[in-house]
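> Structure here, sequence nowhere to be found:
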């Protein structure tokens, strides 16, 4: 019973980590694109 509880919890945690990775990529990719373009322009100039 304890082992199954731990396995279920680990599956839940893994699912949440995947969700957070996707959320982070969504926000960070959007911000990084804008910032990198600006930085690239400043570096080139």
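Nice, I can see it. Model, not experiment: these values are computed from the prediction.

> the helices in the protein, which residues?
Taking DSSP state H, the helices of the chain run over residues 2-44.

> where are the low-confidence patches of it?
1-3, 31-45 (pLDDT under 70).

> If we use 50, what do you get?
38, 40-41, 45 (pLDDT under 50).

> Residue 7: how many residues sit nearby?
10 (other C-beta atoms under 10 Å). Bear in mind the C-beta positions are built from the backbone N, C-alpha and C, glycine included.

> cool, and the one 5 residues further on?
Applying the criterion other C-beta under 10 Å, we find 10 residues in the vicinity of residue 12.

> likewise residue 4?
8.

> That one and residue 29, how far apart?
Note on residue 4: its distance to residue 29, by C-beta to C-beta, to the nearest Å, is 37 Å.

> swap in residue 14?
Where residue 29 is concerned, residue 14 sits at a distance of 22 Å (C-beta to C-beta).

> Residue 21 too?
Distance, residue 21 to residue 29, using C-beta to C-beta: 12 Å.

> what do you get for residue 13?
Residue 13 is 24 Å from residue 29, by C-beta to C-beta.

> before we move on, what about residue 20?
On the measure of C-beta to C-beta, residue 20 and residue 29 end up 14 Å apart.

> and what of residue 5?
In this view, residue 5 and residue 29 are 36 Å apart by C-beta to C-beta.

> Give me the neighbour count for residue 13.
10.

> Likewise for residue 24?
10.

> With the one 3 residues further on instead?
When neighbours are defined as other C-beta under 10 Å, residue 27 has 9 of them.

> Likewise for residue 9?
10.

> do the same with residue 26
10.

> Can you tell me how far it is from residue 9?
In terms of C-beta to C-beta, residue 26 sits 26 Å off from residue 9.
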